[in-house]
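Engineer: sharing a model prediction with you, sequence too.
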Amino acid sequence: MSPLLVIADKETRDALRNRWVISATLLMAGLAFSLTFLGSAPTGQIGAKPLAVTVVSLSSLTIFLVPLIALMLSHDALVGEMERGTLLLLLAHPVTRAQVVLGKFLGQTSVLAVATIVGYGAAGVAVGLQTEGADPESWRAFAALVGSSVLLGAIFIALAHLVSAIARERGGAAGVAIGLWLLFVVLYDMGLLGVLVATKGQIHETVFPWLLMGNPTDIFRLYNLTAFENTRTFSGLAGLSGQMDFSPGMLLGALIAWTVVPLAAAIAIFRRREL
């Protein structure tokens, strides 16, 4: 087995011992079931498929929950090893620093993927088994939601690794991680709202979509609420999607870029860091 896979396996086992997988899965499943059955209650009156409503509801939940779980799971991936004195021992083996970062990234992303697939999947299957609970397009939208939720988690795990490669102590890394969550989940959109108010809504229509590309949670929201007709109509973003030049493939590519760039930066910084 390659060193990268060994490290990834170790991270997965550590998460299991810390009960991260169980806790995150139960939390996501509980909230998903609550939103699913409370949110889909009026669908018969408005003509929307329950699973399509679930996708819209879970998109909002994911933006708040998945980044926070990802950051808390991985903010001390590197600096924590340094403080415990185990990193030097790890690097004494035939393993490169890039393999350490990538192995930890793969292991922690796998943990989050399991929690997301099981937690959301259980709620989706429960809705889909209902009479007229879903159609093929709703299932495709739901599968895209689960997959992009894992990708959103990978983005924030990569950002957490970048923070961990720079930080000098675990407490500082945790503080920066919370700051990143506030920035991307709360403050960035508040800033965009302030720009809209300041310009009285006259900001150029070609500029505003590109501002959304500066926030991975906004890209995630646009992808899940505009890529499919049923979710686009129910979420009220049909008009916005017609004004944007971003296809679902471009939005998915932007999410991948948001994963690759911070992870590459974390590897580059960690390679030059003195231990």
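Structural biologist: Nice, thanks for sending it over.

Engineer: low-confidence regions, this structure specifically.
Structural biologist: Within the chain, the stretches with pLDDT under 70 are 1, 38-49, 130-134, 201-202, 204-206, 230, 232-244.

Engineer: can you pull out the strands in it?
Structural biologist: Using DSSP state E, no strands are found in the chain.

Engineer: as a quick check, tell me the outermost residue of it.
Structural biologist: Ala92 (33.1 Å; Cα atoms, centre = their mean).

Engineer: that one and Val100, how far apart?
Structural biologist: Relative to Val100, Ala92 is positioned 12 Å away (Cβ to Cβ, to the nearest Å). Yep, even glycine has a C-beta here, placed from its N, CA and C like the rest.

Engineer: what do you get for Ile219?
Structural biologist: Counting by Cβ to Cβ, the gap from Ile219 to Val100 is 29 Å.

Engineer: and Ala198, by the same measure?
Structural biologist: Distance from Ala198 to Val100, by Cβ to Cβ: 45 Å.

Engineer: and if you look at Ala154?
Structural biologist: Distance, Ala154 to Val100, using Cβ to Cβ: 17 Å.

Engineer: repeat that for Val118.
Structural biologist: For Val118, the distance to Val100 - Cβ to Cβ - is 28 Å.

Engineer: please say which of those two ends up with more neighbours.
Structural biologist: Val100 (22 against 16; other Cβ atoms under 10 Å).

Engineer: number of nearby residues for Gly191?
Structural biologist: When counting by other Cβ under 10 Å, one arrives at 14 neighbours for Gly191.

Engineer: got a list of what it touches?
Structural biologist: With Cβ atoms under 8 Å, 6 or more residues apart in numbering as the criterion, no residue contacts Gly191.

Engineer: quick one, what contacts the spatially most central residue of the chain?
Structural biologist: Using Cα atoms, centre = their mean, the residue of the chain that lies closest to the mean C-alpha position is Leu152, 2.2 Å off. Residues near Leu152 by Cβ under 8 Å, 6+ apart: 62-63, 66-67, 70, 216-217, 220, 255.

Engineer: do a quick rundown of the helices in the stretch 51-200 of the chain.
Structural biologist: For the stretch 51-200 of the chain, helices defined by DSSP state H, counting those that start in this stretch occupy the ranges 79-84, 87-91, 97-128, 136-166, 170-182, 188-198.

Engineer: what about those helices, which gets the closest to Ala15?
Structural biologist: The closest of the helices of the stretch 51-200 of the chain to Ala15 is helix 97-128. By Cβ to Cβ, the value is 4.3 Å.

Engineer: buried sites along that closest one?
Structural biologist: 97, 99-121, 123-124, 126-128 (16 or more other Cβ atoms under 10 Å).

Engineer: how about stretch 4-13?
Structural biologist: Those would be 4, 7-8, 11-12, for stretch 4-13 by 16+ other Cβ under 10 Å.
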